[in-house]
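A.B. asks: just need the structure, nothing else, for what follows:
(one chain, ligands or ions: 1)
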Amino acid sequence: MSALELNNLSKSFGGLHVINDVSFKVMEGERRLILGPNGAGKTTLFNLIAGDLAPSFGTISLAGEDVSALPTNRRAARGIGRTFQILTLFSGETVIRNVVLASLGRTSRRWKPFGSLDADEEFRASAMEILRTVMLDHIADKCVSETSYGERRRLEIAMALAQQPRLLLLDEPLAGLSKEERKGVEGLLNALPRSLTVIMIEHDMDVALGFADRIALLQNGKLLVDGSRDEVIADPRTKEAYLAE
Ligand SMILES: Nc1ncnc2c1ncn2[C@@H]1O[C@H](COP(=O)(O)OP(=O)(O)OP(=O)(O)O)[C@@H](O)[C@H]1O
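C.D. replies: Numbers count the residues shown, from 1 in each chain. Alright, predicted model coming up:
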């Protein structure tokens with residue numbers, strides 16, 4: 001079954017056609033890489049999938065259900081988790097509180113007063129488990145403002161995982177990281193459960209190509225090439241559009 005299906009998706013801003021008749025499927029458990037030069041429309045595509053933007057035309061289906069008309073929070077409740085190119089953390093809170101708050105996004109508990117959350121052992125225990133997955137459990141009680149950039153990027157992935165997504169959208173998870181930090185994030189990407197479907201935008205070719213099962217290459221908002229990793233790498237249009245940049 002397909003985890004995600006885009007059908008004839010288009011998005012225009014005024015006269016600017018940013019996404020132009022894009023259709024492709026991502027199967028359950030697949031690791032899909034979205035490639036494309038700057039301005040190709042990759043982040044806009046994520047905004048359309050997550051519900052932050054409404055399509056001008058076309059549909060988006062999640063596990064066979066058309067979610068095109070649903071707002072972001074209802075798509076999140078149906079299993080879309082997301083990280084952003086620009087970090088979106090509560091920097092005045094501790095690492096673990098950020099994860100707890102992210103996990104509450106799926107429950108009515110998010111309306112409870114902030115202060116009572118730490119007392120809830122169940123939430124803390126599952127947040128701790130996720131922090132272990134991203135190797136941040138040793139700094140669980142550190143304030144986010146005192147953490148390194150690399151740790152914050154991993155925390156963002158932890159927050160997306162806390163929402164127990166079925167489909168995880170990762171927007172340039174390696175951006176701005178040192179070589180060492182990249183290794184750490186690469187390790188955690190490879191350790192993500194295979195039951196999770198992952199779509200990733202990433203410019204670091206060494207990591208991105210190692211991760212991908214299949215690749216969709218966008219250029220000027222159009223789907224230029226779509227296929228297995230080896231097919232897309234071998235396609236001369238890929239070199240022309242992207243790899244030769
Ligand atoms: N809200 C908006 N209003 C008008 N134009 C927009 C808007 N959002 C994006 N665009 C334009 O759409 C095009 C695609 O942008 P997008 O950020 O999706 O590209 P991208 O492939 O993610 O690029 P990058 O690799 O640089 O992040 C760009 O020309 C951008 O200026």
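A.B. asks: pull the distance from the helix or strand of the chain with the lowest mean pLDDT to the chain's centre.
C.D. replies: When the helices and strands of the chain are scored by mean pLDDT, DSSP states H and E, helix 205-211 comes last with a mean of 85. Distance of helix 205-211 from the chain centroid (C-alpha atoms, centre = their mean, to the nearest Å) equals 16 Å.
A.B. asks: contacts for the next helix or strand after it next, please.
C.D. replies: Note on helix 205-211: by DSSP states H and E, the next helix or strand toward the C-terminus is strand 214-219. Strand 214-219 is touched from outside by 22, 24, 26, 30-37, 40-42, 45, 223-229, 232-233, 235, 237-238, 241-242, with contacts defined as C-beta atoms under 8 Å, 6 or more residues apart in numbering. C-betas here are computed from N, CA, C, even on glycine.
A.B. asks: buried subset of those as a PyMOL selection?
C.D. replies: Listed next is the PyMOL selection for buried residues among those, using 16 or more other C-beta atoms under 10 Å:
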select buried, resi 22+24+26+30+31+32+33+34+35+36+40+41+42+45+223+224+225+226+227+229+232+233+235+238+241+242
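A.B. asks: which ones among the contacts of strand 214-219 map onto helices?
C.D. replies: If you go by DSSP state H, these have 42, 45, 229, 232-233, 237-238 in helices.
A.B. asks: of those residues, which ones also sit close to the ligand?
C.D. replies: Among the ones in helices among the contacts of strand 214-219, the ones lying near the ligand by C-beta under 6 Å from any ligand atom are residue 42.
A.B. asks: could you identify the most distant pair in the ones in helices among the contacts of strand 214-219?
C.D. replies: Greatest spacing in the ones in helices among the contacts of strand 214-219, by C-beta to C-beta: 45 and 233 (20.6 Å).
A.B. asks: which ones are touching residue 59?
C.D. replies: With C-beta under 8 Å, 6+ apart, residue 59 has these contacts: 6-9, 66, 68.
A.B. asks: go with 7 Å
C.D. replies: Contacts of residue 59 were listed using C-beta atoms under 7 Å, 6 or more residues apart in numbering, and they are 7, 66, 68.
A.B. asks: is the first one bridged to anything, and to what?
C.D. replies: The one in question is residue 7. Beta-bridge pairing for residue 7 (DSSP bridges): residue 59.
A.B. asks: now for it: which residues touch it?
C.D. replies: 23, 58-59.
A.B. asks: do that again at 8 Å, thanks
C.D. replies: Residue 7 makes contacts with 23, 58-61, as judged by C-beta under 8 Å, 6+ apart.
A.B. asks: what residues go with each domain of this protein?
C.D. replies: Domains of the chain are assigned by the TED database as 2-79+166-244, 94-164.
A.B. asks: what mean pLDDT does the last one have?
C.D. replies: In other words, domain 94-164. Throughout domain 94-164, pLDDT has a mean value of 83.
A.B. asks: ok, which stretches of the chain are helices?
C.D. replies: According to DSSP H, the chain carries its helices in the segments 42-50, 72-77, 95-104, 121-133, 149-162, 179-190, 205-211, 229-234, 236-238.
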